[in-house]
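**Q** Need a 3D model of the sequence below.
(one chain, ligands or ions: 5)
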Amino acid sequence: MKKFLFGCCFFLFLLSSFAQKGWRDSEMEIKVFLNNQSEAKVLHDLHLSGDIHMNGGFALMYVVPDELERIKDSQLRYELLISDLNAYYNNFWNPANEQYHSYDQIISLMDSLATAFPGICKKIILGTSLQGRQIACLKISDNVDIDENEAEVAFDGGIHGDEIGGPENLIRFARDLCTGYGSNTQYTDLINSREIYIYPMVNPDGRVNMSRTNAHGVDCNRDFGYMWNGEGSSINPFSQIETRVMRDFMNAHPFSIHVTYHSGIEEVIFPWCYRASHAPDYNNFTYLSALYSSSSGYSNLPYLQSYADYPTNGELIDDSYGLNGPVSLTVEISYDKQPTDILGYYQKNITPMVNMIKNAGYGLEGLITDSITGKPVAAAIFIDNFYPVFSDTLVGDFHKFVLPGTYTLTVKANNYETRVISGVMVTSGTSTFTNVLMKPANGSHVAKVACVVIPDNNPADEANTPAVIGAADNVNYSLGRSGWIILDMLQPVLNINGNDFKIYEGDATPEGYTCMVSQSMEGLWSNLGTGLGSKEFDLATLNSIRYIKIKDDGDGVANIADAGFDLDAVEVLGQVVGVNPEVNSIVPVIYPNPANNELNIGTKMNSAGCFELILSNMLGQYVFYIKTELKEFYRLNVSNLDEGIYLLTLKCDKGIFQQKIIVKHNK
Ligand SMILES: [Ca+2]
Ligand SMILES: [Ca+2]
Ligand SMILES: [Ca+2]
Ligand SMILES: [Ca+2]
Ligand SMILES: [Zn+2]
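**A** Ligands and ions are numbered 1, 2, ... in the order given. This is a model prediction of the structure:
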């Protein structure tokens with residue numbers, strides 16, 4: 001153990017000494033010429049850092065001398081572009097670069113926009129980089145301090161720190177939007193009707209160090225957790241702070257359209273990056289990519305599925321789309337990573353950026369609220385066979401870009417009945433609004449997929465990850481051999497008497513797996529043991545958890561349809577405990593849950609006579625007690641209770657009813 005710790009410390013020491021420079025010692029940039037797919041495969045199999053662009057017939061690779069020897073051995077033709085990247089970029093920002101704003105200048109521009117336009121522009125610090133720099137974005141919208149029922153759209157750049165054109169575009173765009181408010185009619189309309197997020201430097205250490213990677217030497221655009229596969233020196237999905245900050249940003253804002261900017265070639269690419277087959281939203285992707293291209297100032301801006309340019313795993317756009325459902329595009333704005341005519345490239349991209357903001361509000365939208373309280377509901381919205389989007393939990397609104405047509409919406413939410421709304425028509429250049437009232441009901445399941453991994457991919461399976469959301473329906477996501485998934489239950493799963501949740505396998509051939517649980521995505525993970533097919537699990541010594549991780553046992557064949565454990569659903573048990581059959585027939589309706597000010601209890605105990613109502617905390621202490629005459633409806637004031645989890649007990653002469661209640665005060 002000591003030896004292991006020493007090894008870790010030594011490793012950290014290496015990383016921190018490495019972190020002082022942006023690139024590895026003697027790292028160089030080379031251009032490798034690729035005539036065909038088999039040459040690209042030879043290069044890919046060397047597992048080096050860089051971007052392969054089959055679409056352009058070349059790759060830009062970042063190699064140290066012994067890696068260069070491997071390229072020489074492979075007989076691939078290459079050209080040396082930069083012989084020592086650290087030396088080359090050493091004085092890039094000093095003296096000040098005339099074409100580009102530095103990290104400090106971009107941050108102070110963001111601050112000054114927020115100060116000069118406080119009604120429509122707000123700077124949000126999302127996190128801090130490894131070397132202590134701000135990871136920040138701007139929100140540009142009317143009533144900027146309030147989350148309104150408006151479509152949200154995101155632009156980010158600079159995940160590869162040396163590709164400095166994207167961030168430069170974005171800060172100029174932010175400035176033009178703000179200064180145009182009130183005078184430019186189009187900008188004014190969009191700022192009034194959308195929530196625009198501009199996130200110019202995803203990897204600020206990389207910008208200062210002029211490096212592709214972050215200060216840990218990891219390519220953040222291979223570190224994302226949807227079909228992650230250990231590329232770009234990433235040792236775990238979401239292993240880097242820059243990646244986790246982006247993940248949390250995506251979870252907090254259900255974007256309708258998201259665009260991420262790069263340089264190295266000129267093209268628009270869309271998911272999937274990790275597989276050849278088309279994503280269910282393929283037609284939506286190609287429509288918006290074509291619009292981006294045709295409305296741009298480029299004479300030719302090709303658009304294609306990312307995989308067709310070259311396969312990669314762990315990219316931001318797969319993660320953004322795969323976990324949250326927006327249209328997510330990568331735009332490569334220039335062959336040069338630091339083009340001298342940056343103003344020209346900005347001008348080529350203004351109209352398409354405006355078009356993306358516009359289209360973020362087209363398609364389907366709606367408001368999802370509790371039918372009794374009117375409060376917003378956290379829901380997954382499935383539209384035909386597209387990847388689901390999620391409601392904004394602050395307002396309850398959702399927005400999904402779709403092409404004109406007639407659609408069926410299926411809205412799934414924990415502790416509500418599923419709603420299916422069909423025949424929703426969408427016409428061109430507008431949005432169709434649907435008001436969705438959700439009826440309280442018992443039942444809690446997976447709310448969202450949080451991370452998914454299949455070692456070395458399994459293209460033979462359709463990889464239907466959204467199939468695990470909601471109640472069991474025999475529609476599965478197959479984990480793949482040794483694959484694993486992290487499920488977000490959203491509300492805490494409590495440890496009550498007996499088993500606490502049930503994992504469902506949705507086919508007739510049971511397969512083995514391990515089940516782990518955690519309060520946080522970052523761990524610690526507790527192992528609850530193994531299962532074979534559907535099985536109930538007990539939280540044992542834990543009080544409550546939010547995330548469930550299921551890992552296939554590694555048996556069987558890797559590259560076939562339905563390889564690995566076939567996960568259908570996870571159901572939270574113990575919503576109702578200690579109920580005898582007689583009481584079951586008079587199970588009350590209790591809402592909202594979580595409760596803010598009031599908890600409504602429909603007792604349905606007309607035949608039960610006198611009853612006792614007890615609310616106790618998780619230590620078993622009573623926080624409320626009443627013994628009362630028969631009543632069909634009871635309203636309990638919880639506004640003065642501390643936030644947390646409580647157990648509601650109803651006793652009558654026919655038995656006992658219990659349900660866990662969450663008290664959460666909206667701030
Ligand atoms: Ca607004
Ligand atoms: Ca238990
Ligand atoms: Ca099976
Ligand atoms: Ca299912
Ligand atoms: Zn890039």
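**Q** in its sheet, what does the strand or helix carrying residue 267 sit against?
**A** Applying DSSP states H and E as the criterion places residue 267 in strand 265-270. Strand pairing for strand 265-270, using DSSP bridges, gives strand 303-305 (parallel), strand 327-334 (antiparallel).
**Q** From the chain's centroid, how far away is the last one?
**A** Strand 327-334 has its C-alpha centroid displaced from the chain centroid by 18 Å (C-alpha atoms, centre = their mean, to the nearest Å).
**Q** Do you know the pLDDT at the residue in the stretch 151-300 of the chain that ligand 2 sits nearest to?
**A** Going by C-beta to the ion, ligand 2 is nearest to residue 251 of the stretch 151-300 of the chain, at 27.9 Å. All C-beta atoms are positioned from the backbone trio N, CA, C, and that covers glycine. pLDDT recorded at residue 251 is 96.
**Q** Residues of the stretch 551-667 of the chain that sit close to ligand 3?
**A** When proximity is defined by C-beta under 5 Å from the ion, the stretch 551-667 of the chain lies next to ligand 3 at residue 566.
**Q** Taking the stretch 551-667 of the chain, what residue is nearest to ligand 5?
**A** residue 559 (29.7 Å).
**Q** Let me see the contact set for residue 472.
**A** Neighbour list for residue 472: 504, 506, 568, 569, 571 [criterion: C-beta atoms under 8 Å, 6 or more residues apart in numbering].
**Q** part of a strand, is it?
**A** No. Counting by DSSP: H, G, I helix; E, B strand; the rest coil, residue 472 is not part of a strand but coil.
**Q** Find me the pLDDT at it, would you?
**A** pLDDT, read off for residue 472, is 97.
**Q** What separation is there between it and residue 450?
**A** 19 Å (C-beta to C-beta, to the nearest Å).
**Q** what does this structure put close to ligand 3?
**A** 507, 509, 511, 566.
**Q** Looking at these, which one is closest to residue 270?
**A** Nearest to residue 270 among the residues of the chain next to ligand 3 is residue 566, at 28.6 Å by C-beta to C-beta.
**Q** does that closest one really touch residue 506, like I thought?
**A** Yes. With contact defined as C-beta atoms under 8 Å, residue 566 counts as touching residue 506 (5.4 Å).
**Q** Please parse the protein into its domains.
**A** As assigned by automatic domain parsing, the chain contains the domains 23-89, 103-360, 364-438, 448-572, 581-663.
**Q** which parts of the protein sit against ligand 5?
**A** Near ligand 5, when you scan the chain using C-beta under 5 Å from the ion, you find 160, 163, 262.
**Q** Pull the number of nearby residues for the closest residue to ligand 5 within the stretch 501-650 of the chain.
**A** Proximity of the stretch 501-650 of the chain to ligand 5 (C-beta to the ion) peaks at residue 521, 25.3 Å away. If you count neighbours by other C-beta atoms under 10 Å, residue 521 ends up with 19.
**Q** Which pLDDT value goes with it?
**A** Residue-level pLDDT assigned to residue 521 equals 96.
**Q** Surely it touches residue 236?
**A** No. The criterion here is C-beta under 8 Å, and residue 521 misses it with residue 236 at 11.1 Å.
**Q** ok, residue 566 and residue 506, which is more surrounded?
**A** residue 566 (25 against 20).
**Q** Longest strand in the protein, by number of residues?
**A** Identified as the longest strand of the chain according to DSSP state E is strand 484-494.
**Q** centre of the chain versus the helix or strand just after it, how much separation?
**A** Per DSSP H and E, the first helix or strand lying C-terminal to strand 484-494 is strand 501-505. Centroid separation between strand 501-505 and its chain, computed with C-alpha atoms, centre = their mean, is 24 Å.
**Q** how much distance is there from stretch 404-422 to the middle of the chain?
**A** 21 Å.
**Q** pLDDT averaged over the strand or helix carrying residue 66 - what is it?
**A** Element membership for residue 66, per DSSP H and E: helix 65-73. The pLDDT scores in helix 65-73 average 96.
**Q** I'd assumed residue 411 was in contact with residue 383.
**A** No. In this structure residue 383 lies outside contact range of residue 411 using C-beta under 8 Å: 9.8 Å.
**Q** Tell me who's in contact with residue 572.
**A** 444, 445, 489, 493, 500, 501.
**Q** So what's the residue count around the residue nearest to it when sequence neighbours are not counted?
**A** Spatial nearest neighbour of residue 572, excluding adjacent residues (C-beta to C-beta, 6 or more residues apart in numbering): residue 444 at 3.9 Å. The number of residues packed near residue 444 is 23, by other C-beta under 10 Å.
**Q** what does residue 314 give?
**A** If we define neighbours as other C-beta under 10 Å, then residue 314 has 28 of them.
**Q** Over to residue 626?
**A** Neighbours around residue 626, by other C-beta under 10 Å: 11.
**Q** List the buried residues of the one helix or strand it maps to.
**A** Assigned by DSSP H and E, residue 626 falls within strand 622-628. Applying a neighbour-count criterion of 16 or more other C-beta atoms under 10 Å, one finds residue 623 buried in strand 622-628.
**Q** what about it, average pLDDT?
**A** So the average pLDDT for strand 622-628 ends up being 78.
**Q** again with stretch 563-581
**A** 75.
**Q** residues contacting the closest residue to ligand 1 within the chain?
**A** Residue nearest to ligand 1 within the chain: residue 141 (3.5 Å; C-beta to the ion). For residue 141, the contacting residues are 120, 148, 150, 191, 192, 194, 195, 196, by C-beta under 8 Å, 6+ apart.
**Q** On the pLDDT front, check it for me.
**A** Residue 141 carries a pLDDT value of 98.
**Q** a markdown table for the strands paired with strand 265-270, including mean neighbour count?
**A** Output for these, formatted as a markdown table (neighbours: other C-beta atoms under 10 Å):
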| stretch | mean neighbour count |
| --- | --- |
| strand 303-305 | 18 |
| strand 327-334 | 26 |
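**Q** Using CSV, lay out those together with mean pLDDT.
**A** Output for the strands paired with strand 265-270, formatted as CSV (pLDDT from 0 to 100):
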stretch, mean pLDDT
strand 303-305, 98
strand 327-334, 98
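**Q** Let me know which of the ones you listed is the nearest to residue 125.
**A** Between those, strand 327-334 lies closest to residue 125; by C-beta to C-beta that is 23.6 Å.
**Q** top of the residues of the chain next to ligand 3 by neighbour count?
**A** Of the residues of the chain next to ligand 3, with other C-beta under 10 Å as the count, residue 566 tops at 25 neighbours.
**Q** For the residue of the chain closest to ligand 1, give its distance to ligand 4.
**A** Residue 141 sits at a distance of 36 Å from ligand 4 (criterion: C-beta to the ion, to the nearest Å).
**Q** again with residue 517
**A** 20 Å.
**Q** For the closest residue in space to residue 253 that isn't next to it in sequence, give its distance to residue 433.
**A** In this structure, residue 253 finds its nearest non-sequential neighbour in residue 152, 5.0 Å apart by C-beta to C-beta, 6+ apart. As for residue 152, its distance to residue 433 is 16 Å (criterion: C-beta to C-beta).
**Q** cool, and residue 252?
**A** 23 Å.
**Q** do the same with residue 324
**A** Taken as C-beta to C-beta, the span from residue 324 to residue 433 is 21 Å.
**Q** circling back: more neighbours: which of residue 383 and residue 411?
**A** Using other C-beta under 10 Å as the criterion, residue 383 and residue 411 rank with residue 411 on top: 26 against 23.
**Q** And the pLDDT for the more buried one?
**A** pLDDT at residue 411 comes out at 98.
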